[in-house]
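A.B. asks: this one's structure only:
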């Protein structure tokens, strides 16, 4: 029984299983590290029967995704509060060939103080930071230094990001380098070819080894869903990565033709729910790429709340991979406070 | 709540849609309405209240339509009709187009008013009801444009009376009004007592579209007003959507009046989930099936059939999903389930669930005070349970399990109803195998409650008859052009004083289940020639013989699964064998009727050829619906058709009703010409010689009045046709209400059986039911 297999493995960290409303625990857990509030997913033996039984009806999933926006709406102070929450869930990201220390330091400053203090004060909030800063390996040390004194983790994209086609031993070694450089979260990319050729064992083994290489650092498995062809493949890859011990599953590198979408998200988070039902372990979710509007962020939060519940509205189980989302949220917050539509030059650049 | 508190709890807050404009519209009318007759509002009279079910507060008062208000509305419609019908299709199209545009332009006002009056969530009125209304008028603008070229030989019926329910007030108006107007009819519509407001707003809007006065009239009121409209002698058609009991009453009330009738009634639609389904999507489908519009949906997937092996996990997941549904103020944009239409309906739902012996689970979600009912799942019920059999019309799902596809179909069809069905499986072979086997007018594969103007919607069995939407829906508002003469009763030749006995006694029998059978009652009657010759005896069939014939017809149902090609072969073979005995059949006709028989036999052979030709050519359609997928309109046989054959053409008449019926895969019980029965009894020898499987065609002789009553009232007959010269049309229509079978009667209108107008599509349409199978796709 896969269920027993999973529970046989002693979870790392402190097991503080939280259940709805989970509010007290989450409020106390100001840290972004998952193990503080939830047992870390240890993975389980590869269960190919489960993988083979996965179904994902694309048109039905699309219909659910398309009607969600009409079913859920948050207005006024609820909208402001939800947008502030969204900020705390952002992996503020720069992944460009022209990244420099200066650019990353500026980004980290923004991560510490994502909203104008005077605005935050009027909103009655303090201590809002983004969820993490996400950079390439070479920028990890800079970012870690720039974030000293905060509890904001640095995430490094890794394993030959974005294509994942560099020599395997170097991909594994890259993880260790980044962890040593101070990254507390590692966003790995899976070998898409293992999914496309249905080589589940290879995918499982690869993910297992990457998880091991991360050690205490948390691992987010980037599926690059835009390159997997079908939602059924997305679901299968999601399950395999969780079985192999992923702490998070993440949609995209941001470099594929199609990045995070609601149908892909629905497919992946339904897998997260099934995985929890089967093993008892909560796995995090990170949609990345293409989420740039405050309105989109609200929709994602409603999706997480309705499908998975409150724990997945906290940074230890949910992140947005985004670079321009924050700017739009700042403008919406100012609109809430003033009644006037805002302009980007009124908010500090990231 | 402070922002900090919300930030910590991540609760949903209120997200109200403004009702200002809708309330202002009501106020502009002094919150009191008359009827809309002849293009203007009458003064409010004998008013009653229409309430907001969410708050119980009165929104407005509307007038109770009296017989005289119905009278003036029908008179206005009658005056306007000739000019409206004579208008070029393009002109009608332009007005329907304007109606589409105007419903779009006033979409929010219509949606909010609908939610205020009905209690459905604003999401639904805004995202589903009103867009479907607009789409319906666009689509029918197109039908008006194309009607003249695509449907020559058809004309409008005249004045149509529409009686609609409270669950989709504006959408049901559109479903009735758009095709009626497109076809050139004028309309008197009675909205439901609970929900008259959007119809009145639509009436006002229709003037902006340039709809001439009198073309659309709205008379508000209760069931009495509806009954007055149904009974009005100047109304040519009644289109009704509502309960099966009222549908039966309307069937009886209109019997014999010559009014055309379409009924869209109740249901207990099965929702079948196979073990290879995408379970989460199937559960989400249930939200759209039974928690859409508080479950107050005629085609709600209210009867869950889930394969036994996954039932436990399915129910567990379903309960969790139910807990996430949000119930409350329907004007809130963050609400899934709104208010029940009225406290009376709420009591009915509450009582039905309270009386259940099953295991009741109610969603663990806050339910506000007032007219609200929580999403409910009931498991552990047997097939005999009242809640499995009867429509609840509330947010209550009942669930059973099945083991095999065959059992799923059996359970699904174990119902008096036949409106819609849903099938979830990832196996295309299974889905396409199951869909045709389900007794339903609409089947959704891996989806539910999809609607579109291009796709026919309607039921079988006690869910009613007729289709709404598509070309098939338009035809329900049309009739063939031309007038027909009155059909005079054809009498048998009276017994002469002294009859000339035949050389050798010959016994004509009934033909039941492929065997010649003596009449159960043991009575016979003599048949004489006009010259006084005793031609032979025929059995006097009774209700027992009808019973036996219907049983035989059911036993032959495999006929429906034969290919069109195979059925054509048999029809050709019948023609071949008839041709071989043409002289004998012609002689028989001459002996019985005194008229020459060669032409009739020749035409009968041609008719067999016609339907042999049609057997594999009456194609369905793939409808252009706005989803990624196909909506197949499949022409399926009705089942068992009972027919009273024409008296005046004893052979040709029988073949003209038999051939289309069996060509389409029906089995039939034919009651032979009462006056001249021997052609029919001779003909069974041809059937015996032509490889017609036993029971596909059954022939009973005897009096049309008695046999027609037994056939029309038989609960296991799917359609009954009467071309009898006896005045039985009213009786047939009245008796048919027993199981709401389809009827096709001549209302004493003569038909030239030799004419090409007495064959072809009109007959094939009567011999088939259009089943719409929605198959969204995409990987």
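C.D. replies: It's in. What you are looking at is a predicted structure, and each value in this text was computed from that prediction instead of being measured.
A.B. asks: CA atoms for contacts and neighbours, from now on please.
C.D. replies: Fine.
A.B. asks: give me the pLDDT for residue 261.
C.D. replies: Assuming you mean chain A. Residue A:261 is assigned a pLDDT of 97 by the prediction.
A.B. asks: the chain in question should be chain B.
C.D. replies: The confidence metric pLDDT takes the value 98 at residue B:261.
A.B. asks: I'd like the distance between it and residue B:464.
C.D. replies: Distance of residue B:261 to residue B:464, given as C-alpha to C-alpha, to the nearest Å: 10 Å.
A.B. asks: which of the two has more neighbours?
C.D. replies: When residue B:261 is set against residue B:464 and neighbours are counted by other C-alpha atoms under 10 Å in any protein chain shown, the residue ahead is residue B:464, at 32 against 23.
A.B. asks: how about the residues of the stretch 201-350 of chain A that lie near chain B?
C.D. replies: Remark: the part of the stretch 201-350 of chain A in contact with chain B comprises A:230, A:231, A:232, A:270, A:306, A:310, A:313, using C-alpha under 8 Å from any C-alpha of the partner chain.
A.B. asks: please narrow the residues you listed to those residing in helices.
C.D. replies: Cross-referencing these with the helices (criterion: DSSP state H) gives A:231, A:232, A:270, A:306 as the overlap.
A.B. asks: and the two most separated of the residues of the stretch 201-350 of chain A next to chain B?
C.D. replies: A:230 and A:310 (28.8 Å; C-alpha to C-alpha).
A.B. asks: and these two? Which one has more around it.
C.D. replies: For residue A:230 and residue A:310, the more surrounded residue by other C-alpha under 10 Å is residue A:310, and the numbers stand at 21 against 18.
A.B. asks: the helix or strand containing residue A:304: how far from the chain's middle?
C.D. replies: Taking DSSP states H and E as the criterion, residue A:304 maps to helix A:294-307. For helix A:294-307, the separation from the chain centroid amounts to 14 Å (computed by C-alpha atoms, centre = their mean, to the nearest Å).
A.B. asks: pLDDT on whichever helix or strand comes after that helix, on average?
C.D. replies: The helix or strand immediately downstream of helix A:294-307 is strand A:320-322, counting by DSSP H and E. pLDDT averaged over strand A:320-322 equals 95, rounded to a whole number.
A.B. asks: contacting residues around the helix or strand that strand A:320-322 is followed by?
C.D. replies: Going down the chain from strand A:320-322, the next helix or strand is helix A:325-338, by DSSP H and E. Residues outside helix A:325-338 that contact it (C-alpha atoms under 8 Å, 6 or more residues apart in numbering or on different chains): A:76-77, A:80, A:83, A:87, A:90, A:114-115, A:119, A:122-123, A:291-294, A:340-344, A:347.
A.B. asks: now do stretch B:475-483
C.D. replies: So stretch B:475-483 is in contact with B:153-157, B:179-180, B:183, B:185, B:237, B:262, B:466-467, going by C-alpha under 8 Å, 6+ apart.
A.B. asks: try it again with 10 Å
C.D. replies: For stretch B:475-483, contacts defined as C-alpha atoms under 10 Å, 6 or more residues apart in numbering or on different chains pick out B:151-160, B:176, B:179-185, B:236-239, B:260-262, B:466-469, B:749-750, B:757, B:762.
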